[in-house]
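Asker: A predicted structure for the sequence below; I have some questions about it.
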Amino acid sequence: MDSFRSKENLNRFESIFGKTKQLPRLFQAPARINIIGEHVDYLGGTVLPAAINFAVQVYLRPNDTSTYRLHSVTYNETVELKKPLVSNPKAPWSDYIAGVIVEIEKKGHTIPGFDLLVDGNIPQGSGLSSSAALEVVTGYAIKETFELVISKEEVALIGQRAENHFVGTNCGIMDQFIIAVGKENDCISLNTDTLKYSYHHFDLGDYEFYLINSNVKHSLKDSAYNQRRAECESSLVKIQTKYPIFTHLYDVNLEESELDTCHLTNQEWKRTKHVTSERERTKIVINGLESGNFNDVGSALFQTHWSLSKEFEVSCPETDFIVDSLQSLGVTGARMIGGGFGGCVLVLDKKDHFSKIEEVLKKSYQQKYNLAIDFYKFQISDGVKEIYI
Ligand code: GLA
């Protein structure tokens with residue numbers, strides 16, 4: 001990944017923005033998976049994500065003006081932004097960059113003009129966090145180039161704020177955080193309430209994780225993501241009137257009969273059920289990965305999928321079909337990952353099952369949905385960093 005299209009992109013940068021004595025610097029941020037802890041990172045929950053070797057790369061060079069000139073290789077499009085920065089519906093990709101500039105400036109820094117070229121190979125809308133990667137790589141590139149004292153953790157928070165305030169998705173902190181602090185071969189367990197985290201390396205032995213992309217695109221912004229979050233928040237408010245001890249929905253450990261007295265709507269009840277049961281599954285998965293009990297891990301992953309599908313209602317027929325088929329084919333575990341409504345399924349299985357599963361599922365999915373699926377093997381990679389060219 002480190003060398004991806006480097007030469008062509010440098011040439012392209014210079015042909016769009018001009019050649020000067022100063023070379024642009026190159027920065028890269030990864031995609032992410034999440035092993036367990038889905039839709040709990042805005043509710044104070046624990047998540048277990050890892051950075052993987054798909055990436056967004058940006059080349060950045062100050063331009064001694066007050067204009068930001070941005071080029072996307074994916075869209076073959078150049079835009080020029082001047083302050084005050086506002087959302088640009090004609091080039092939505094540039095909002096992730098503009099949002100980060102705005103959020104860094106809110107912290108009291110002034111960001112001079114720069115030229116930036118962005119390229120990437122993270123499949124968009126696949127639940128692997130291409131937008132968070134763009135936010136984090138932009139924040140990191142700006143901080144390094146203009147020598148701002150901002151930690152990686154703070155870069156993550158800036159990215160989240162850009163998404164919440166400028167792009168309009170009320171996402172949690174998981175994606176930006178792992179993309180900022182990820183480490184080769186390790187996942188992290190992150191407490192999204194305190195932002196305390198630790199690195200973990202699990203030896204998978206004969207097992208492996210891989211991804212299946214349903215190729216159904218979700219749009220977090222237009223989807224029910226913000227609505228789900230609002231339902232969780234209103235559920236907590238109702239629970240707190242009776243049980244003020246709970247500060248996070250994730251911590252609620254009431255009996256059903258006690259919950260019954262909180263007057264939740266049917267939807268609030270179901271969302272609460274997913275969130276609180278995910279807490280128990282997260283413990284099982286962490287213990288199972290540590291002790292090598294992969295069957296326990298796998299069955300918790302399946303349970304999470306069906307909880308996301310039936311209780312949290314963020315799956316879709318295509319990903320349900322994939323997980324259902326995998327379950328019938330006897331794989332160890334699988335579930336949708338990320339915001340939902342399509343995108344990728346994370347699979348845990350014995351390494352030697354892979355080719356058979358791939359063959360069978362590609363065929364049956366194509367037959368049922370007239371749509372191809374993609375299988376991705378991946379490596380656990382570093383978080384955001386500079387690539388020296
Ligand atoms: C998206 C959001 C994250 C998280 C996941 C669901 O990826 O950006 O903050 O909420 O969905 O776990």
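Answerer: Yep, it's here.

Asker: So which residues on the chain come close to the ligand?
Answerer: Glu38, His39, Asp41, Tyr42, Ser129, Cys171, Gly172, Met174, Asp175, Gly338, Gly339 (Cβ under 6 Å from any ligand atom). (Each C-beta comes from the backbone N, C-alpha and C, glycine too.)

Asker: which regions of the protein lie under the pLDDT threshold?
Answerer: For the chain, applying pLDDT under 70 flags the ranges 1-4, 218-222.

Asker: Mind naming the longest helix for it?
Answerer: In the chain, taking DSSP state H as the definition, the longest helix is helix 266-291.

Asker: which is the next helix or strand following that one?
Answerer: Toward the C-terminus, helix 266-291 is succeeded by helix 294-310 as the next helix or strand (DSSP states H and E).

Asker: Please name every helix or strand in contact with that next one.
Answerer: Packed against helix 294-310 by the contact rule (3 or more Cβ pairs under 8 Å, 6 or more residues apart in numbering; DSSP states H and E) you find helix 266-291, helix 317-328, strand 333-336, strand 344-350.

Asker: same thing but 10 Å
Answerer: Applying 3 or more Cβ pairs under 10 Å, 6 or more residues apart in numbering; DSSP states H and E, one finds that helix 294-310 makes contact with strand 207-213, helix 266-291, helix 317-328, strand 333-336, strand 344-350.

Asker: now it: how far from the chain's centre is it?
Answerer: How far helix 294-310 lies from its chain's middle: 19 Å, per Cα atoms, centre = their mean, to the nearest Å.

Asker: Next: stretch 355-366.
Answerer: That offset, for stretch 355-366, works out to 26 Å (Cα atoms, centre = their mean).

Asker: outside of it, which residues touch it?
Answerer: Stretch 355-366 is contacted by residues 210, 212, 214-215, 318, 321-322, 325-326, 328-331, 334, 345, 347, 349-350, 371-375 when judged by Cβ atoms under 10 Å, 6 or more residues apart in numbering.

Asker: Any of those buried? List them.
Answerer: Neighbour counting with 16 or more other Cβ atoms under 10 Å marks 210, 212, 214-215, 318, 321-322, 325-326, 331, 334, 345, 347, 349-350, 373 as buried within the contacts of stretch 355-366.

Asker: Let me know the closest of those to His71.
Answerer: Asn215 (27.0 Å; Cβ to Cβ).

Asker: In a helix, Gly108, correct?
Answerer: No. Checked against DSSP: H, G, I helix; E, B strand; the rest coil, Gly108 lies outside a helix; its state is coil.

Asker: Good, we can wrap up now.
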